[in-house]
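Undergrad: Just a sequence and a predicted model for now, questions to come.
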Amino acid sequence: MPSLFDPITIGDITLSSRVVMAPLTRNRSPKAVPNTLNVTYYEQRATAGLIITEATAITHQGQGYADVPGLYTPEALDGWRKVTEAVHKQGGKIVVQMWHVGRISHTSLQPDGGKPVAPSAIAAKSKTYLINEDGTGTFAETSEPRALEASEIPGIVEDYRKAARAAIDAGFDGVEIHAANGYLIDQFLRSSANKREDNYGGSVENRARFLFEVVDAITQEIGAGRTGIRISPVTPANDVSDDDPKPLFTYVVEGLARYGLSYIHVIEGATGGDRAFAGFDYDALRKAYEAAGGNAAWMVNNGYDRQMALDAVESGKADLVAFGKPFIANPDLVRRLKENAPLNALDQENMYGGGAKGYTDYPSLTQEAAE
Ligand SMILES: C=C(C(=O)O)c1ccccc1
């Protein structure tokens, strides 16, 4: 019977445990360039079985929030190289989450102040994070997007391919394709955001076309064994919904089964909220994936506590469990879970933006004992 703390090999990547640091946006990389504070933050958390970085924009057009990192300038890639070197030096493994926000952006963040892009010109009832002139952060309504021309889509697929190559060259052990939480790929998937009448819209097959073009490009470039993907079948995050999620995501996972990916990362329920939202059957989804020949590790996320995580792995429901906020407040989360030690409280005031406070100042058990 597997344990949460057993090693596991997921595709081409061997992990020291099944405890995963989930992607967490922190808005602490001005100019989209990872800095020394970011190096410290990830280095502190290197005992995770796997670190998935915060969502990282594949291009300027894919940028949707202030001070999130990118994968599209030499400076950013140099910054990430320092992060991967530091994590590897501690014996950790790290993949980068590749992100295109689509309509979840603001004209002030877009190239030449233009409109964000999306499958259809439908504004999300959502907010993004901007930095004011005085350096303070603020949440603002997302801007109305423009619908992508079909002729633009191959260029975005190529952006994903280039970013995946850049990620491996920057020392990452692999990439996670961000296909969740109402961002661009998810906007194409969901019927509420995709009203296209060409072969990227309408049927399930058409709405999933962009996703598979991205998966094709990335796996051909860096190999399926270094490629994971995150999906969120029913989350309402960023104002997305679908008329019928079950056939849509059954089709998606049956398609993913043919690649031999490293892992499938599934957000259960409403992201950061109700796990039972919309009453989706995640066990059936995994069964459909495996019935189609899928053999990637199955990673679950959203509100797992220690016991739920232990049970999920020991029962075979999941191979890996991704923890978000617990990893913010506990750099040594794996040790704390192993020892069933108390967890640090989360500094809610300093989740997004700012500096070391609420970012790199959380104590580890070793530091607490020394005090
Ligand atoms: C990348 C995010 C996601 O996947 O939800 C995100 C972005 C901003 C704040 C929190 C989370």
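TA: All right, it came through fine.

Undergrad: Send me the lowest-mean-pLDDT helix or strand in the chain as PDB with only the CA atoms.
TA: The helix or strand of the chain with the lowest confidence, counting by mean pLDDT, DSSP states H and E, is helix 365-370 at a mean of 85. Provided in PDB are the C-alpha atoms of helix 365-370 (Å, rounded to 0.1, in the frame of the first residue of the first chain):
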ATOM      1  CA  LEU A 365      10.500  23.400  12.600                       C
ATOM      2  CA  THR A 366      14.300  23.600  12.900                       C
ATOM      3  CA  GLN A 367      14.300  27.400  13.300                       C
ATOM      4  CA  GLU A 368      11.400  27.200  15.800                       C
ATOM      5  CA  ALA A 369      13.400  24.600  17.900                       C
ATOM      6  CA  ALA A 370      16.500  26.900  17.800                       C
END
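
Undergrad: what packs against it?
TA: Based on contacts counted as 3 or more C-beta pairs under 8 Å, 6 or more residues apart in numbering; DSSP states H and E, the elements that helix 365-370 packs against are helix 333-339. Glycine gets a C-beta too; all of them are placed from N, C-alpha and C.

Undergrad: How far off centre is the helix it packs on?
TA: Distance, stretch centre to chain centre, for helix 333-339: 23 Å (C-alpha atoms, centre = their mean, to the nearest Å).

Undergrad: rewinding a little: mind listing what's buried along the least confident helix or strand of the chain?
TA: Leu365 (16 or more other C-beta atoms under 10 Å).

Undergrad: now do stretch 347-360
TA: Those buried within stretch 347-360 under the rule 16+ other C-beta under 10 Å are Asn350, Met351, Tyr352, Gly353, Gly354, Gly358, Tyr359, Thr360.

Undergrad: With respect to Val101, which of those is nearest?
TA: Val101 lies nearest to Tyr352 out of these, by C-beta to C-beta, at 15.2 Å.

Undergrad: Isn't the closest one up against Ile131?
TA: No: counting by C-beta atoms under 8 Å, Tyr352 stays clear of Ile131, with 10.4 Å between them.

Undergrad: got any residues that touch both of the two?
TA: Gly137 (C-beta atoms under 8 Å, 6 or more residues apart in numbering).

Undergrad: And for the spatially closest residue to Leu15 that is not a sequence neighbour, the neighbour number?
TA: For Leu15, ignoring the flanking residues on the chain, the nearest one in space by C-beta to C-beta, 6 or more residues apart in numbering is Gly49 at 4.0 Å. Counted by other C-beta atoms under 10 Å, the residues lying close to Gly49 total 25.

Undergrad: pLDDT wise, what is Gly49 at?
TA: Gly49 is assigned 99 on the pLDDT scale.

Undergrad: What residues does it make contact with?
TA: Pro7, Ile8, Leu15, Ser16, Ser17, Arg18, Val19, Val20, Lys93, Leu320, Val334.

Undergrad: quick one: it and Gly62, what's the gap?
TA: Distance of Gly49 to Gly62, given as C-beta to C-beta, to the nearest Å: 28 Å.

Undergrad: List phi and psi for the residue of the stretch 101-250 of the chain found nearest the ligand.
TA: The nearest approach of the stretch 101-250 of the chain to the ligand comes at Asn181, 3.9 Å away (C-beta to the nearest ligand atom). Here is the backbone geometry of Asn181 (degrees, to the nearest 10): phi 50, psi 30.

Undergrad: wait, Gly102 sits on Ala121?
TA: No: the pair Gly102 / Ala121 is not scored as a contact, 11.7 Å apart, by C-beta under 8 Å.

Undergrad: so who does Thr14 touch?
TA: Here Thr14 is in contact with Pro7, Ile8, Lys93 (C-beta under 8 Å, 6+ apart).

Undergrad: change it to 7 Å
TA: Pro7 (C-beta atoms under 7 Å, 6 or more residues apart in numbering).

Undergrad: same question, Ala46
TA: Val87, Gln90, Gly91, Gly92.

Undergrad: what helix or strand is it on?
TA: For Ala46, there is no helix or strand it lies in under DSSP states H and E.

Undergrad: quick one: pLDDT of it?
TA: At Ala46, the pLDDT recorded in the model is 98.

Undergrad: Repeat that for His88.
TA: Confidence score, pLDDT, at His88: 99.

Undergrad: elements contacting whichever strand or helix holds it?
TA: Per DSSP H and E: His88 is located in helix 74-89. Judged by 3 or more C-beta pairs under 7 Å, 6 or more residues apart in numbering; DSSP states H and E, the packing partners of helix 74-89 are helix 36-44.

Undergrad: helices and strands around the helix it packs on, which ones?
TA: helix 74-89.

Undergrad: Helices of the stretch 251-371 of the chain, start to end?
TA: Using DSSP state H, counting those that start in this stretch, the helices of the stretch 251-371 of the chain run over residues 282-291, 306-314, 325-329, 333-339, 365-370.

Undergrad: Kindly report the residues of the stretch 1-150 of the chain close to the ligand.
TA: Proximity of the stretch 1-150 of the chain to the ligand, by C-beta under 6 Å from any ligand atom, involves residues Thr25, Ala55, Tyr65.

Undergrad: What sits closest to the last one if chain neighbours are left out?
TA: Among residues not flanking Tyr65 along the chain, Tyr129 sits closest, at 4.5 Å (C-beta to C-beta, 6+ apart).

Undergrad: Who are the contact partners of that neighbour?
TA: Asn27, Tyr65, Ala66, Gly137, Phe139, Tyr352 are the contacts of Tyr129 under C-beta under 7 Å, 6+ apart.
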